[in-house]
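# this is the structure alone, sequence omitted:
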């Protein structure tokens, strides 16, 4: 949980839950920020807090884009999105990027466009590799994928495995519940709920 | 409705939940106090109130996501394992979750009785399309006597193999007593 009372944690202590941290500039009018941050202070906070504090009318905070969504990187993406290591850069490039659009940044249309085009250029390779890698070590294939892409890869693999299973005539085989497989040889005493 | 990832239901993090809820209570109480102050002129408190509110919503989202995820896993257990859960799993569930499972079971049973004519229809059977009425099974552990439809009983001993009606075996296979052998 977020230790709300007391002092704001220093950026190093902020619990980020693998969400990217944002840089915030605090603008105030006549108030003083209860953390005693002066106007113009720079802070890193989790995305959910930035979203909650953001207000289009009253400018409490402004959000600086993480570098991967800025113009320089956007150019790299448009040149060839396939070479980028989205796991290292993310690992939630698409999800986080979509959330970034909440902050009324003037570059929003370009950001949205880049995210979309990146997905389109990378998707084909993911689909092909997930459909062709049967019973092999796929770590090299997924290493540079962000989490959304990894989920897609897994879905492709599942389809492939199910199909192979069907081809081998195993589709009608009843299997044990995963509950059983994990508990192994333990003996159960069944109790009615 | 089979939950797409692991079906295992881990122990309920009661302590974590309690702390999160306590934190919410503290935040809420302080916001209540500050709102009246803010209304009587202390507009400098508005940020603080807003901040606490963000934290409250965040805690709420996390708690709900956690509880809902558990519910989906418990529901999947009915389909994937059976209507009778082993003790070990029940110990991991809260009283409310056990109660929920029981009511879900009853709901499902009522529904299944209402479809498919007089006898109803067991939707939890034949989840995988069957190829034959009878199947070959091997017994994985000592189970004891097992009665089949025509009144005869067979002894399920570890490693014994049998040729049995599919509908009688399905549950025992899911529970790990028998293994379905393909010829």
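On my side now, so go ahead. In this text the structure is predicted, and so the values were computed from the model without any measurement.
# list the contacts of the residue nearest the centre of chain B.
Relative to the mean C-alpha position of chain B, the nearest C-alpha, by Cα atoms, centre = their mean, is the one of residue B:74, at 0.6 Å. Neighbouring residues of residue B:74 by Cβ atoms under 8 Å, 6 or more residues apart in numbering or on different chains: B:9, B:93, B:97, B:100-101, B:104. (C-beta placed from N, C-alpha, C; glycine too.)
# how near is it to chain A?
Going from residue B:74 to chain A by Cβ to the nearest Cβ, to the nearest Å gives 10 Å.
# any buried residues in the helix or strand harbouring that residue, and which?
According to DSSP states H and E, residue B:74 maps onto helix B:46-80. Of all the residues in helix B:46-80, those buried under the rule 16 or more other Cβ atoms under 10 Å in any protein chain shown are B:46-49, B:51-56, B:58-59, B:62-63, B:70-71, B:73-80.
# quick one: is the helix or strand bottoming out on mean pLDDT in chain B near chain A?
Least confident helix or strand, chain B: helix B:87-90 with a mean of 84, by mean pLDDT, DSSP states H and E. Yes: shown here: helix B:87-90 in contact with chain A (Cβ under 8 Å from any Cβ of the partner chain) through B:87-90.
# surely residue A:129 is in a helix?
Yes: Residue A:129 sits within a helix when classified using DSSP: H, G, I helix; E, B strand; the rest coil.
# per-residue confidence at it?
Per-residue pLDDT puts residue A:129 at 94.
# quick check: it touching residue A:141?
Yes: at 4.9 Å, residue A:129 and residue A:141 qualify as touching, with contact defined as Cβ atoms under 8 Å.
# nearest residue to residue B:12 in space, please, no chain neighbours.
Counting by Cβ to Cβ, 6 or more residues apart in numbering or on different chains, residue B:12 lies nearest to residue B:94, which is 4.9 Å off, once chain neighbours are set aside.
# which parts of the chain are strands?
Using chain A here. Secondary structure of chain A (DSSP state E): strands at A:22-26, A:42-45, A:61-64.
# sorry, I should have been clearer: chain B.
B:134-139, B:144-147, B:153-156, B:161-165, B:178-181.
# among the ones you listed, which is nearest chain A?
The closest of the strands of chain B to chain A is strand B:178-181. By Cβ to the nearest Cβ, the value is 4.6 Å.
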